[in-house]
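Peer 1: what follows is a predicted protein model with its sequence.
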Amino acid sequence: MDWNFDELERAKRYKLLVSLVVPRPIALVSTQDENGKCNAAPFSFFNVIGDEPPIVILSIEDRNSGPMKDTARNILATGEFVVNLVDEAIAEKMHACSDDYPPETNEIEVVGFTPLPSVRVKPPRLAEAPVSLECTLHSKIDMGNRRIVIGQVRHLHVRDELVDPVNFRVDMDKYHPVGRLFANRYCKTGEQFALEKNAYLKRMQKAGRA
Ligand SMILES: Cc1cc2nc3c(=O)[nH]c(=O)nc-3n(C[C@H](O)[C@H](O)[C@H](O)COP(=O)(O)O)c2cc1C
């Protein structure tokens, strides 16, 4: 099967892309509006795309009715946000943050997360998140009804037990991030495998085939 994406209708493109390009990491983004009102919502059109400068990207679709989602509105108004990463323990609460609350709702309170003051930005980070990235707005691209938000990571918090501060290694036996599949489906990251660098090349060289 194959499709010409210039011709395929939008809903079908979306369905194929979000179901096939999986799993995606999840950013549970906390923001504040100009008056300090807090908001939290999950985004899986999200990734880290560089380290110099340290850059994350979010793609936030406008509401079907037209206006920007609160997260996009707040980031563009204040230039600040926090990406809280999501592990198994907080997956259900993360999902609940995406429910259709009215704009004045503080999802952090409603869902029962604990806000903690951030160090470099005004929006709070979430105490229950294993990792939080404090970000400032680097740039924005308007693409159709999407706001592509590019953020620069200014400060990182990680639960103590997850990283060895000497060699900076993450303990994957203790870190259990979840990934987004599609719709309401998620996956765990507990089952991993390792591949040795250059192992294939060495085998081929030994066999005289490379
Ligand atoms: C796991 C997950 C990932 C999501 N990813 C996105 C995304 O990448 N872009 C987007 O516009 N909406 C995404 N959504 C939907 C938003 O979270 C939802 O529209 C939310 O209500 C927006 O809240 P806000 O208006 O407070 O910003 C996602 C929802 C879930 C549950």
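Peer 2: Nice, I can see it.
Peer 1: just give me the neighbour total for residue 176.
Peer 2: 16 (other CB atoms under 10 Å). The C-beta positions use only the backbone N, C-alpha and C, and glycine is treated the same way.
Peer 1: what's near enough to touch it?
Peer 2: Going by CB atoms under 8 Å, 6 or more residues apart in numbering, residue 176 touches 87-89, 188-190.
Peer 1: show residues contacting the helix ranked longest in the chain.
Peer 2: Ranked by residue count, the top helix of the chain under DSSP state H comes out as helix 10-20. With contacts defined as CB under 8 Å, 6+ apart, helix 10-20 is touched by 3, 5, 8, 24, 181-182.
Peer 1: among those residues, show me the least confident.
Peer 2: Across the contacts of helix 10-20, no position has a lower pLDDT than residue 182, which has 93.
Peer 1: nearest spatial neighbour of that residue, skipping sequence neighbours?
Peer 2: residue 19 (4.4 Å; CB to CB, 6 or more residues apart in numbering).
Peer 1: state the number of residues packed around the one you found.
Peer 2: Burial measure for residue 19: 12 neighbouring residues, criterion other CB under 10 Å.
Peer 1: any idea how far it lies from residue 206?
Peer 2: Separation of residue 19 from residue 206 (CB to CB, to the nearest Å) stands at 41 Å.
Peer 1: just the contacts of helix 10-20 that are near the ligand?
Peer 2: Counting by CB under 6 Å from any ligand atom, nothing from the contacts of helix 10-20 sits close to the ligand.
Peer 1: nearest spatial neighbour of residue 137, skipping sequence neighbours?
Peer 2: Residue nearest to residue 137 in three dimensions, not counting chain neighbours: residue 79, with 4.2 Å by CB to CB, 6+ apart.
Peer 1: read off the pLDDT value for that neighbour.
Peer 2: For residue 79, the predicted pLDDT is 98.
Peer 1: ok, what's across the strand from residue 51?
Peer 2: Beta-bridge partners of residue 51, counted by DSSP bridges, are residue 54.
Peer 1: now residue 177
Peer 2: In this entry, residue 177 is beta-bridged to residue 87, by DSSP bridges.
Peer 1: in the sheet, who's paired with residue 131?
Peer 2: residue 158.
Peer 1: now do the strands in the protein.
Peer 2: Ranges of strands within the chain are 27-32, 38-43, 46-51, 54-61, 80-85, 115-116, 125-126, 131-143, 146-158, 178-180, 186-188, based on DSSP state E.
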